[in-house]
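> Below are the sequence and a predicted model; questions follow.
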Amino acid sequence: MTARIIDGKAFAATLRGRVAEGVAAFREETGRAPGLAVVLVGADPASDVYVRWKGKATLAAGMVGTEHRLLAETTQEALLALVAELNADAAVDGILVQLPLPGHIDSAAVIAAIDPDKDVDGFHVVNAGRLAVGADGYVPCTPLGCALLLEDVLGDLSGLDAVVIGRSNIVGKPMAQLLIDRNCTVTIAHSRTRDLAAVVRRADIVVAAVGRPEMIRGDWLKPGATVIDVGINRVEDAAGRRLVGDVAYDEALAVAGAITPVPGGVGPMTIAVLLRNTLVAAHARAGLAKPAI
Ligand SMILES: Nc1nc2c(c(=O)[nH]1)N[C@@H](CN(C=O)c1ccc(C(=O)N[C@@H](CCC(=O)O)C(=O)O)cc1)CN2
Ligand SMILES: [Mg+2]
């Protein structure tokens with residue numbers, strides 16, 4: 001068996017196109033474009049790339065994007081002051097503070113300062129709570145992107161066994177919640193899980209978000225399983241410098257039914273969903289019905 005390769009890049013392009021149509025309709029209705037403010041502290045090279053991609057995607061969708069680039073030495077107080085300014089700015093519908101932040105800044109305090117109704121990353125505890133109780137709110141972009149890919153591949157997920165490997169607030173926990181909401185039977189595995197291979201082998205759906213290069217081996221998978229690889233790990237070995245996921249891709253290809261590649265799988269969905277969340281925020285702030293997107 002050779003797994004179907006899930007083309008996240010193409011799916012994300014389609015989603016960005018739908019958002020652009022939604023933005024055009026929003027502009028027509030309100031006379032203004034949705035606004036997204038992106039804040040980057042420091043010069044981490046990967047974060048710099050992601051922020052540039054977000055800026056480009058925002059403009060391509062017809063939104064207004066503003067970038068706030070602060071020095072790595074910026075104090076928490078100064079960052080909180082900027083967040084307060086953006087909270088109060090009527091032209092800003094969505095606010096995003098790129099993570100990770102430098103070590104001297106308390107990320108939780110910064111996220112807590114963002115107006116939950118502008119929190120298009122879905123990281124604020126209010127939005128985490130809304131997701132936990134099934135209320136309308138903003139869902140973190142990466143897990144929502146994974147859920148959209150899973151529904152595209154499998155249709156109805158009801159009754160399927162899913163394993164999420166990783167329990168972060170940003171991916172693992174919200175991912176599990178989204179799968180529960182879709183009637184999956186969900187196991188959250190983590191670094192203390194005993195016999196992870198046996199746990200993974202039971203799963204129809206495997207979402208790997210551990211941040212360990214190629215940790216999930218092909219022979220751990222149930223034949224035909226759908227594998228969503230959230231990992232983006234930069235490695236250097238005999239094959240040179242390359243990007244690999246948390247799943248041993250070549251091994252998994254021979255066993256899985258479908259799998260996301262790295263790059264070109266989950267990553268592009270993160271930015272497409274961010275645009276979608278921003279459009280939703282703009283509608284809510286303008287008192288309009290939620291767009292069907
Ligand atoms: N405030 C946030 N910070 C971070 C988030 C986030 O959603 N909000 N997620 C990640 C970084 N990220 C977006 O911010 C992101 C990561 C990866 C990709 C992506 O498309 N990756 C490519 C490969 C890119 C490469 O070569 O490095 C892929 O997988 O195809 C997009 C966005 C952490 N911080
Ligand atoms: Mg910190």
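Received the coordinates, thanks. Numbering: from 1, shown residues only. Ligands and ions are numbered 1, 2, ... in the order given.

> what does the protein put close to ligand 1?
Residues of the chain lying close to ligand 1 by Cβ under 6 Å from any ligand atom are 46, 50, 96-99, 121, 141-142, 232, 243, 262-264, 267-268, 270-271. In this view, the C-beta of every residue, glycine as well, is placed from N, C-alpha and C.

> wait, is residue 187 part of a strand?
Yes. Counting by DSSP: H, G, I helix; E, B strand; the rest coil, residue 187 is part of a strand.

> surely it meets residue 166?
No. Counting by Cβ atoms under 8 Å, residue 187 does not reach residue 166; the two are 11.9 Å apart.

> Which residue of the two possesses the greater neighbour count?
Taking neighbours as other Cβ atoms under 10 Å, residue 187 and residue 166 compare with residue 166 leading, 23 against 17.

> Now do the helices in the stretch 51-200 of the chain.
76-88, 107-113, 125-133, 141-154, 172-181, 196-201 (DSSP state H, counting those that start in this stretch).

> Weed out the non-buried ones from the residues of the chain next to ligand 1.
Buried subset of the residues of the chain next to ligand 1 (neighbour count, 16 or more other Cβ atoms under 10 Å): 50, 96-99, 121, 141-142, 232, 262, 264, 267-268, 270-271.

> from those residues, which is closest to residue 152?
residue 268 (13.5 Å; Cβ to Cβ).

> so who does the closest one touch?
By Cβ atoms under 8 Å, 6 or more residues apart in numbering, the contact list for residue 268 reads 8, 9, 11, 12, 13.

> Report the contact partners of the second one.
Residue 9 makes contact with 264, 265, 268 under the criterion Cβ under 8 Å, 6+ apart.

> From residue 142, how far off is the last one?
To tie it back to what came earlier, the one meant is residue 268. To residue 142, residue 268 is 11 Å away according to Cβ to Cβ, to the nearest Å.

> For the residue of the stretch 151-293 of the chain found nearest ligand 1, give me its contacts.
For the stretch 151-293 of the chain, the residue closest to ligand 1 is residue 267, as judged by Cβ to the nearest ligand atom, at 2.0 Å. Counting by Cβ under 8 Å, 6+ apart, residue 267 makes contact with 8, 232.
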